[in-house]
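> After the sequence you'll find the predicted model.
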Amino acid sequence: MKVFGKSDIGNVRKANEDVFGTKLIADNALIAVVCDGMGGLDLGDVASELAMRTFIETVERLCASHIKKRRLSLSDTEADLILQNAVTVANNRIIAKQEELDVSEGMGTTLVAALIVDGGKRISWANIGDSRLYTVDSRDILQVSKDHSYVQYMLDQGKLTLEEAKKSKKKNLITKAIGIDVTCSPDTDTFPLSSDEVKETKILLCSDGFSNSVSEEECMAITMNPSLSTEQKVNSLIELAKKNDGSDNITLIMIDLNGD
């Protein structure tokens, strides 16, 4: 696998509350995470950083007993439970941090993560909030995760069209996040990829500052450009997001499952 991630403050914000992290936790397993913090007085920075580090540490710890000869082996159910538990631990840490800082509300973060096993043949993922996970290949770009947002709720209810949703002034209102309640329930799932699919599939994890600024068509065109390296693709996409909008922080991780 070839992995490259980058976070940019954008054109307007005075601080970057996005963070990302990746870690190889076995010879055949990678964990990747994007968090988008929220809360004034720098608390979004604190929440996203704490959630990201806690999540990765917890996944690594819970996977340890499933690693034999440096290779991770998990059932779909085990993978989902590990990701759910890691989100819970991150949520508990942020709630405890709120008490330490005497903050009653407003400190939280989104989280989207992918646990990639067997060279990309199995992808387990977790999402809470409106950061996203996409798969991209030569045929299509697919949003795998589903936003926990007011606009997504209105779409599900049939009260907004897709075009209306893209233009809605309420598209940044989220309905779930880490640190908002004492309990939180992320979406989790696992999907397989065939050997042929692995050869051309790219996994993207991003904050809403990216997904709100770059169309799926633009994203797919750059992601599948064979003349660019993974690093060049990420840099190009972030620069495009800044050119198109740039009013929010922008974070993107690209994982080329067939890269060296």
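Arrived safely. Please read these numbers as outputs of a predicted model, since none were measured by experiment.

> residue ranges of the strands in the stretch 51-200 of the chain, please?
Shown for the stretch 51-200 of the chain, the strands assigned by DSSP state E, counting those that start in this stretch span residues 67-68, 71-72, 108-109, 111-117, 122-128, 132-136, 141-143, 187-192.

> which residues does the residue nearest the centre of the chain contact?
In the chain, the C-alpha closest to the average C-alpha coordinate belongs to V112, at a distance of 2.9 Å (CA atoms, centre = their mean). V112 makes contacts with 33-34, 125-129, 131-133, 145, 205-206, as judged by CB atoms under 8 Å, 6 or more residues apart in numbering. Where you see a C-beta, it was placed from the backbone N, CA and C, and this is true even at glycine.

> one step back: now the strands of the stretch 51-200 of the chain as TSV including mean pLDDT?
Listed next are those as TSV, based on pLDDT from 0 to 100:
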stretch	mean pLDDT
strand 67-68	96
strand 71-72	96
strand 108-109	94
strand 111-117	98
strand 122-128	98
strand 132-136	98
strand 141-143	97
strand 187-192	97
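
> Just send those strands back as TSV, with distance to R13 too.
Listed next are the strands of the stretch 51-200 of the chain as TSV, based on distance: least, CB to CB, whole Å:
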stretch	distance to R13
strand 67-68	39
strand 71-72	37
strand 108-109	15
strand 111-117	19
strand 122-128	22
strand 132-136	19
strand 141-143	24
strand 187-192	27
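
> highest average neighbour count across those strands?
strand 108-109 (a mean of 32; mean count of other CB atoms under 10 Å).

> Which other helices and strands does that one contact?
Strand 108-109 is packed against strand 29-38, helix 43-63, with contacts defined by 3 or more CB pairs under 8 Å, 6 or more residues apart in numbering; DSSP states H and E.

> if you go through the stretch 151-260 of the chain in chain order, where are the helices?
162-167, 195-200, 208-211, 216-223, 230-244 (DSSP state H, counting those that start in this stretch).

> L24 is nearest to which of the ones you listed?
With CB to CB, the closest approach to L24 among these belongs to helix 230-244: 15.7 Å.

> still on that earlier bit, so of the helices of the stretch 151-260 of the chain, which one's packed in deepest?
Comparing the helices of the stretch 151-260 of the chain by mean count of other CB under 10 Å gives helix 208-211 as most buried, with a mean of 26.

> And the contacts of that helix?
Residues from elsewhere that reach helix 208-211 (CB under 8 Å, 6+ apart): 10, 18, 36, 110, 130-132, 171-172, 237-238, 241, 247-252.

> how does it look with 7 Å?
With contacts defined as CB atoms under 7 Å, 6 or more residues apart in numbering, helix 208-211 is touched by 10, 18, 36, 130-132, 172, 241, 248-252.

> Stretch 16-28 now?
3, 5, 7, 9, 30-38, 44-45, 48-49, 52-53, 56, 59-60, 63, 67, 70-72, 117-119, 207, 209, 249, 251, 253.
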